[in-house]
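Peer 1: Sequence first, then the predicted structure, then my questions.
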Amino acid sequence: MKRILISALIAALPGAALADAKADEITRLRAQMQQLQQQMAALQKAVDAAAASQPSPAAAAAGDDANSELKERVANMELKVDKLNTAATDGPLAGLSITGYLDPTYVYNRAQNSAGFQFLNHQNSYAYSNSTFGDVYLDIKKTFGVGPTAPSAEITIMPNRGSGNTLLDGGSGNNIINTAVINFPLSDTWSVNAGLQNSFGGYEVQQSNQMVTLSHGLLYDFSDPGSYVGAGVAWSHDVWAWKFLLANEQYRTHANLANTGTNAANGNPQVKSNNTPTVTARVDYTWSSALDLGGSFNAGRQTLLTGSGCSGGFGYQCGATDPYSNYFFVEADASYTLGDVIYNAELDYGQQQKAAWNGGQAQWYGVSLLGHRKWMTDTLGKMGATLRYDYLNDSKNGGGGGGVALGSGGYDGVNGFGVDPACLASGATDCKGANRQALTADLLFFPTDQLTLKLEYRHDWASQAVFQRNDGSLKRSNDMLGAQAVYSF
């Protein structure tokens, strides 16, 4: 048909075979026809491809069934996701987190000539050799809503080594609560809080899984304030942050103490109601992404006697008529963290009226320096090493005040504070308290992200012979070896 059409077109041109003009026209027409043929061929291929891709009626029906089943499965999955999202934001478990750690510890104490595992041992006494390690730690936090202005309630539990067991109410024990805080943000920068809180002082933290040493430093254990029950406000913006707390005196969970009489056996005043609150605050300045500079203070009236006689409590003024003293503490600290390197420094100063061993003013000051570094090894994986030096001067009026508790003999033979008994035996009236130093070295291993192993050697020494050995002798120094496994979850 194509040839007939071309022939007809040529025949329609009379005399075309002999005229040059007509020959050019025929050439042009042939080119147009060739182009038309190519277009028709391409169109035919497109039609054939479309016909081949169209399914049969049976296949089309099966495809529709498969699509319907797929759409139903997608709809069910979307419904389940919606339910999970609703439960995550509005359900009873919404905003709930439970974290913590276990840190069984093995300690050898040279002075006491004792060694053994320390884990869940119920002890309400506090010493640098058995402070906040060897326990179970649980942090239970519930956030009500989402975003920076969502309020929260948080409780931490340490059954044997926490504030409730070793510090609160004079260390009476059997209180598993370590902290309990309600936090209510008012805006992105302001919030109010209330409850049982730890001290604002120093660079050290309480939790073993956040420490790069096994034991705490001298300033944490014996200089910095302990814990409070109260209410306060916090503010943070850009590089500045500060917080303020109005609370009961440190270590006490109640405002009123019932016993207002005197002890008939020795005539010493008993603890009365302390109506003067403690005021404490902290400020932090973020110098850079690595360096934080901070400081805190504490001021208030403290109770000196926590029991009858002069054998317990914080400060001793037997026979005095006033069981209270004014307390003031201030510190400055710095923390530098860059990659696997950490440097910490702290300076402390504190004073407390009538809290020294001889009934005068207690005064103490000290410094703590810490360096830590991590590195990777081919055989043992990631490792770390820490070196810390502590110095605490507590010599004035025989020592005492702050977290130093001196017994009736004038010294603490476990922690190495107080008056040298040889000075008392000489009849001197101006005996000085011991100044303390400690050098601590730790080697850390990190087998997994959850597990940390620590090995520690610690050497403590004093300016006087106040460390009591197990044979009753007094020495100027003591050594401690420890090993700890911290598993976080």
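Peer 2: Looks like it came in fine.

Peer 1: For the stretch 351-489 of the chain, which segments count as helices?
Peer 2: Along the stretch 351-489 of the chain, counting by DSSP state H, counting those that start in this stretch, helices occupy 421-425.

Peer 1: Sheet-wise, list the partners of the helix or strand where residue 294 lies with their directions.
Peer 2: For residue 294, the element it lies in under DSSP states H and E is strand 291-303. The strands beside strand 291-303 in its sheet (DSSP bridges) come out as strand 278-286 (antiparallel), strand 324-338 (antiparallel).

Peer 1: what does the shortest one contact?
Peer 2: This points to strand 278-286. Applying Cβ atoms under 8 Å, 6 or more residues apart in numbering, the contact partners of strand 278-286 are 199-201, 225, 228, 230, 239-250, 292-301, 327. In short, each C-beta sits where N, CA and C put it, glycine included.

Peer 1: Please pick the buried ones from those.
Peer 2: Among the contacts of strand 278-286, the ones that count as buried by 16 or more other Cβ atoms under 10 Å are 199-201, 225, 228, 230, 241-243, 245-250, 292-298, 300, 327.

Peer 1: what sits against residue 237?
Peer 2: Residues in contact with residue 237 (Cβ under 8 Å, 6+ apart) are residue 189.

Peer 1: low-confidence ranges in the stretch 201-350 of the chain?
Peer 2: 255-273, 305-321 (pLDDT under 70).

Peer 1: can you map out the helices along it?
Peer 2: 218-222.

Peer 1: now the strands: where do they sit in it?
Peer 2: Under the criterion DSSP state E, counting those that start in this stretch, strands of the stretch 201-350 of the chain are mapped to 227-237, 240-247, 278-286, 291-303, 324-338, 341-352.

Peer 1: Of all these, which one is nearest residue 421?
Peer 2: Of all these, strand 341-352 sits nearest to residue 421, with 23.5 Å by Cβ to Cβ.

Peer 1: Please name every helix or strand in contact with the closest one.
Peer 2: strand 324-338, strand 362-377 (3 or more Cβ pairs under 8 Å, 6 or more residues apart in numbering; DSSP states H and E).

Peer 1: buried residues in the first one?
Peer 2: Using 16+ other Cβ under 10 Å as the test for burial, strand 324-338 gives 324, 325, 327, 329, 330, 331, 332, 333, 334, 335, 336.

Peer 1: what bridges to the second one?
Peer 2: For residue 325, the residues forming beta bridges with it (DSSP bridges) are residue 302.

Peer 1: Looks like it contacts residue 353 (just checking).
Peer 2: Yes - assessed by Cβ atoms under 8 Å, residue 325 is found in contact with residue 353 at 4.0 Å.

Peer 1: Distance of the residue positioned nearest the centre of the chain relative to residue 482?
Peer 2: Nearest residue to the geometric centre of the chain (Cα atoms, centre = their mean): residue 210, 6.1 Å. Computed as Cβ to Cβ, to the nearest Å, the residue 210 to residue 482 distance reads 17 Å.

Peer 1: thinking again about what came up before, looking at the strands paired with strand 291-303, which is nearest to residue 104?
Peer 2: strand 324-338 (27.5 Å).

Peer 1: Strand 362-377 and that closest one, what's the angle between them?
Peer 2: 20 degrees (axes from the mean of the first three to the mean of the last three Cα atoms, to 10 degrees).

Peer 1: Ramachandran angles for residue 78?
Peer 2: With angles defined as degrees, to the nearest 10, residue 78 sits at phi -60, psi -40.

Peer 1: Tell me who's in contact with residue 460.
Peer 2: So residue 460 contacts 128, 416, 436, 437, 438, 467, 477, 478, 479, 480 (Cβ under 8 Å, 6+ apart).

Peer 1: Identify the bridge partners of it.
Peer 2: residue 438, residue 478.

Peer 1: Give me the average confidence score over stretch 421-430.
Peer 2: Across stretch 421-430, pLDDT averages out at 86.

Peer 1: quick check, distance from that stretch to the centre of its chain.
Peer 2: Distance of stretch 421-430 from the chain centroid (Cα atoms, centre = their mean, to the nearest Å) equals 45 Å.

Peer 1: One more: stretch 223-243?
Peer 2: Here stretch 223-243 shows a centroid-to-chain-centroid distance of 15 Å under the convention Cα atoms, centre = their mean.

Peer 1: Check stretch 375-395 too.
Peer 2: 19 Å.

Peer 1: again with stretch 452-463
Peer 2: 23 Å.

Peer 1: tell me which residues in it are buried?
Peer 2: So for stretch 452-463, counting by 16+ other Cβ under 10 Å, buried means 452, 454, 456, 458, 460, 461, 462, 463.

Peer 1: average model confidence for it?
Peer 2: In this model, stretch 452-463 has a mean pLDDT of 98.

Peer 1: Can you check the pLDDT for residue 172?
Peer 2: At residue 172, the model reports a pLDDT of 61.

Peer 1: One more: residue 79?
Peer 2: 79.

Peer 1: Am I right that it sits in a helix?
Peer 2: Yes - counting by DSSP: H, G, I helix; E, B strand; the rest coil, residue 79 is found in a helix.

Peer 1: Let me see the residues that make contact with the helix or strand hosting residue 164.
Peer 2: Using DSSP H and E, residue 164 maps to helix 163-166. Identification of contacts with helix 163-166 by Cβ under 8 Å, 6+ apart yields 122-126, 158-159, 171, 173-179, 196, 198, 226-227.

Peer 1: Let's see that with 10 Å instead.
Peer 2: The contact list for helix 163-166 (Cβ atoms under 10 Å, 6 or more residues apart in numbering) reads 122-127, 130-132, 135, 156-160, 171-180, 196-199, 206, 226-228, 251, 253.

Peer 1: Let's see which of those end up in strands.
Peer 2: The strands, defined by DSSP state E, take in 156, 157, 177, 178, 179, 180, 196, 197, 198, 227, 228 from those.

Peer 1: Which one of those residues is nearest to residue 45?
Peer 2: residue 156 (76.0 Å).

Peer 1: Leaving out the residues flanking it, which one is nearest to residue 196?
Peer 2: Among residues not flanking residue 196 along the chain, residue 180 sits closest, at 4.7 Å (Cβ to Cβ, 6 or more residues apart in numbering).

Peer 1: from what I can see residue 209 touches residue 446, true?
Peer 2: No - using Cβ atoms under 10 Å, residue 209 makes no contact with residue 446, being 11.5 Å away.

Peer 1: any shared contact partners between these two?
Peer 2: residue 452.

Peer 1: before we move on, the earlier item: give me the buried entries from the contacts of residue 460.
Peer 2: Taking 16+ other Cβ under 10 Å as the criterion, what is buried in the contacts of residue 460 is 128, 416, 436, 437, 438, 467, 478, 480.

Peer 1: any weak-confidence spans in the stretch 351-489 of the chain?
Peer 2: Using pLDDT under 70, nothing in the stretch 351-489 of the chain is flagged.

Peer 1: ok, back up a step: tally up the residues packed near the residue nearest to residue 196, please.
Peer 2: By other Cβ atoms under 10 Å, 17 other residues sit near residue 180.
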